[in-house]
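Asks: pasting the sequence and the predicted coordinates here, then a few questions.
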Amino acid sequence: MTRPRKNPSEKPQKNELAVVSGASSGIGAATAQALAARGYHVLAGVRTEGEAAAVRAEGIEPVTLDITVPEHIEALARRIGDDPGRRVLRVLVNNAGIEINAPVEVLPLSLWREQFEVNLFGHIAVIQGLLPFLRRGRGRIVNISSVGGVAALPVFGAYAATKFALEAASDSLRREVSAHGVQVVVVQPGGVRTEMALRSGETSLDIAAGMNTEHRRLYGGLVNATVSSNTAFLERAMSAARAGERIARVATTRRPRTRYTLGTDAALIIPLARFLPARLMDGILAVSHRSRTPIPVPESARSPS
């Protein structure tokens, strides 16, 4: 008996769920699309109706998810528990994040706290809410960290601190749940062309513009050099689509490693940060961020002569 041929254009159907937070654009949206192409029904976390309309597609169901809002996480858990197809949760990609960069002395504590609420505590809240479903489905958690989770670059102190913390929490979590059949994987992207990455530079310059005269003298050139360097690098950095495809592959490979880097910069910087003496790494970063062009001080902010 001849078996019917499969239509190569048909998507494979896995009858499984995947959750991606921060899926309105950039890496999150690309990851949701790549997982849907692999046959998963993706619950894509967005924050507005406009974002929901933009990401809705075959295999992608937008859900309202601000990971700092407990009610949103509770609603997501109910959606999974009441799934009409009784599908198991196989993948959770913790991707949502914000990036606000400024020197440690300059960045207000409120912005430090905001980044920790989103980049760390929000992910922990999602994990706590969805772990029962992941145990049932013997699923996988993919935490999106950063090269900044291993190497803290100048001006990136707060953002890097959230990622260092996420790396540590991921290690503990992996060792706690492996016996339950749940896998935990960390992905460490370097530079990726996304809206968030581009906005980050603009935000740094806005914060720098509000610095006092002394802070401008101390940090103006450093901020300017950092933003200029990052902006130039992003022009040739990995695309969000390619990053999303790589993350989907990590989320679905049979035997994953505990960590993956994304991009040549991450593949270079992370080993250097781990194995070079700290003072040598300091010197390398000092040279790469040196600038002779400080941010100009407006007339109104200058001290009287």
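Replies: Yep, that arrived. Remember, predicted model here, so these are calculated numbers, not experimental data. Numbers count the residues shown, from 1 in each chain.

Asks: so the spatially closest residue to Leu153 that is not a sequence neighbour is in which element?
Replies: If the residues on either side of it in the chain are set aside, Leu153 comes closest to Leu285, at 6.4 Å by Cβ to Cβ, 6 or more residues apart in numbering. Heads up, the C-betas are built off the backbone N, CA and C, glycines and all. In this structure, Leu285 is located in helix 278-288 according to DSSP states H and E.

Asks: distance from the chain centre to that helix, please.
Replies: The gap between where helix 278-288 is centred and where its chain is centred comes out at 25 Å by Cα atoms, centre = their mean, to the nearest Å.

Asks: before we move on, the earlier item: for the residue nearest to Leu153, give its distance to Leu222.
Replies: 11 Å (Cβ to Cβ, to the nearest Å).

Asks: would you mind measuring from Arg140 to Arg199?
Replies: Note on Arg140: its distance to Arg199, by Cβ to Cβ, is 30 Å.

Asks: more neighbours: these two, which one.
Replies: Neighbours were counted for Arg140 and for Arg199 using other Cβ atoms under 10 Å; Arg140 has more, 22 against 13.

Asks: look at the more buried one and report its pLDDT.
Replies: At Arg140, the predicted lDDT confidence score is 98.

Asks: what bridges to it?
Replies: Val91, Gln183 (DSSP bridges).

Asks: show me what contacts it?
Replies: If a contact means Cβ atoms under 8 Å, 6 or more residues apart in numbering, then Arg140 has 90-92, 134, 182-185, 251, 256 as its contacts.

Asks: where does pLDDT dip in the stretch 1-150 of the chain?
Replies: The stretch 1-150 of the chain contains residues with pLDDT under 70 at 1-13.

Asks: strands of that one, start to end?
Replies: Remark: strands of the stretch 1-150 of the chain, listed N- to C-terminal, are 16-20, 41-46, 60-64, 88-94, 140-144; assignment by DSSP state E, counting those that start in this stretch.

Asks: burial-wise, tell me which of those comes out on top.
Replies: Of all those, strand 16-20 has the most neighbours on average by mean count of other Cβ atoms under 10 Å, namely a mean of 28.

Asks: and for Leu285 and Leu222, which residues touch both?
Replies: Contact criterion Cβ under 8 Å, 6+ apart; residues shared by Leu285 and Leu222: Pro154.

Asks: residues in contact with the residue lying closest to Ala54 once chain neighbours are set aside?
Replies: Ranked by Cβ to Cβ, 6+ apart and with sequence neighbours excluded, the top spatial neighbour of Ala54 is Ser24, at 6.9 Å. When the contact criterion is Cβ under 8 Å, 6+ apart, the partners of Ser24 are 44-48, 51, 54-55.
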